[in-house]
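Student: Quick one, structure for this:
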Amino acid sequence: MAGLPSVTTVIPCYNYGHFLERAVRSALDQPGVDARVVIVDDASPDGSGKFAERLAAGDDRISVIRHEQNKGHIATYNDGFAVVDTEFVTLVSADDLVARGALTRAIAVMQRNPRVGLVYGRAVRFRGEPPIERDRSWLLAAVWPGIRWARAVARRATNPILSPEAVLRTAALRQIGGYNAQLPHAGDLEYWLRTALAWDVARVVGPAQAFYREHDTNMHNVRFGSGKKAVQLFDAFAPLLSHPATANLLPRLRRRLAAPLLRVVERLLVVGHWSSELDELVAAAGAIWPEWRLSRRWSAFGQSLDRRADGLAPSAGSVLRAWVPANLDRLRFKLEALVHRSPVAAHEIGG
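Tutor: This next block holds a predicted model:
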């Protein structure tokens with residue numbers, strides 16, 4: 001391995017021992033790189049920690065950190081990052097998989113582009129067995145100045161990275177620090193934005209970079225309250241909105257994040273389905289976008305909420321507004337996404 005670029009895959013694990021070996025092997029099966037794995041077991045009661053230690057006993061490229069008490073996923077991530085001593089690093093949940101050659105490709109992009117601190121690519125969602133991807137002998141890398149990439153993310157108000165497909169330069173990790181413990185359900189996005197403010201960002205175009213397992217116990221899918229998640233998503237943009245080049249995006253971002261919450265409440269109000277959870281969504285929308293009642297799009301809905309508080313049925317105008325604008329919004333978002341995803345530079349990195 002002497003002379004090869006080195007990369008560590010940090011694998012946080014909580015009760016995913018039955019997935020662990022496959023995740024580890026996928027991270028180590030990377031041609032042309034010195035690949036290592038750090039498993040961080042967060043006091044799993046299912047014996048995942050002991051299984052991780054058995055894996056490490058049979059391969060000196062694997063090391064294990066075991067928590068005596070459960071610390072939660074953010075602390076688990078950061079504890080793994082703290083021991084990384086390789087040039088590159090990635091974070092992959094124990095139930096996800098690294099695509100063969102993914103780390104090789106990401107590292108090639110960063111070696112060619114010294115200013116790139118974050119590389120991601122296509123993540124394939126799956127249930128059960130991962131799909132078989134066709135081998136591709138070529139690929140392209142799209143490279144953005146970090147601030148331009150971050151602005152595009154803010155315009156769309158979505159997180160373009162699931163997580164296992166992201167590879168970092170360890171120098172970037174050390175510069176920006178660890179995950180924010182105050183954002184347990186939006187920490188990934190905030191982390192990518194912090195990185196983009198200091199480094200350029202690249203995307204591998206072509207082959208899959210990771211396989212993301214979807215199931216009911218995904219850490220990302222555990223219910224935390226949709227309203228609270230939305231507020232955390234807004235808070236995740238704080239590093240970007242404090243930057244002078246992007247502060248003007250704040251009004252647009254507020255609308256983008258609050259509108260989906262209001263649409264859900266609007267539709268359920270019209271058909272007469274109300275619950276305390278909808279009160280939470282309205283409160284979250286107000287926390288994100290305090291002026292929503294003053295907008296032409298949502299003023300009638302605000303009046304319907306007032307009518308509901310007085311025990312009256314929603315107005316006919318609000319019924320129409322519940323169904324027509326949503327589809328127009330989605331079409332506009334898709335068109336804008338096509339415009340803003342164009343890279344500044346694209347070049348071939350494979351033969």
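Student: tell me what the longest strand along the chain is packed against?
Tutor: Counting by DSSP state E, the longest strand found in the chain is strand 200-213. In this structure, strand 200-213 packs against strand 97-98, helix 102-112, strand 116-126, strand 140-144, helix 146-156, with contacts taken as 3 or more Cβ pairs under 8 Å, 6 or more residues apart in numbering; DSSP states H and E. In short, each C-beta sits where N, CA and C put it, glycine included.
Student: avg pLDDT for the shortest one?
Tutor: Put plainly, it is strand 97-98. Strand 97-98 shows an average pLDDT of 97 in the prediction.
Student: which residues in the stretch 251-351 of the chain form helices?
Tutor: Assigned helices in the stretch 251-351 of the chain, in chain order: 276-288, 299-309, 316-321, 324-340 (criterion: DSSP state H, counting those that start in this stretch).
Student: Distance from the chain centre to the second one, please.
Tutor: What it means is helix 299-309. How far helix 299-309 lies from its chain's middle: 34 Å, per Cα atoms, centre = their mean, to the nearest Å.
Student: Just the CA atoms of it, as PDB, please.
Tutor: Output in PDB follows, covering the C-alpha atoms of helix 299-309 (Å, rounded to 0.1, in the frame of the first residue of the first chain):
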ATOM      1  CA  SER A 299     -53.300  35.100   2.600                       C
ATOM      2  CA  ALA A 300     -56.600  33.200   1.900                       C
ATOM      3  CA  PHE A 301     -55.300  30.200   3.700                       C
ATOM      4  CA  GLY A 302     -54.400  32.300   6.700                       C
ATOM      5  CA  GLN A 303     -58.000  33.500   6.700                       C
ATOM      6  CA  SER A 304     -59.200  29.900   6.600                       C
ATOM      7  CA  LEU A 305     -57.100  29.100   9.600                       C
ATOM      8  CA  ASP A 306     -58.800  32.100  11.400                       C
ATOM      9  CA  ARG A 307     -62.200  30.800  10.300                       C
ATOM     10  CA  ARG A 308     -61.400  27.300  11.700                       C
ATOM     11  CA  ALA A 309     -60.300  28.900  15.000                       C
END
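Student: Domains in the protein, by residue range?
Tutor: Under the assignment automatic domain parsing, the domains of the chain span 6-224, 248-338.
Student: wait, which of those is closest to residue 230?
Tutor: Closest approach to residue 230 among the domains of the chain (Cβ to Cβ): domain 248-338, 5.1 Å.
Student: thinking again about what came up before, tell me which of the domains of the chain sits most buried.
Tutor: domain 6-224 (a mean of 19; mean count of other Cβ atoms under 10 Å).
Student: What is the end-to-end distance of stretch 56-67?
Tutor: Using Cα to Cα, to the nearest Å, the gap from the first to the last residue of stretch 56-67 comes to 16 Å.
Student: How about residue 83, nearest residue that isn't a chain neighbour?
Tutor: residue 38 (6.0 Å; Cβ to Cβ, 6 or more residues apart in numbering).
Student: how about that neighbour, what does it touch?
Tutor: 8, 9, 10, 11, 62, 63, 64, 65, 80, 83, 84 (Cβ atoms under 8 Å, 6 or more residues apart in numbering).
Student: tell me the SS of it?
Tutor: Residue 38 falls in the strand class when you classify it by DSSP: H, G, I helix; E, B strand; the rest coil.
Student: what's the distance between it and residue 160?
Tutor: 26 Å (Cβ to Cβ, to the nearest Å).
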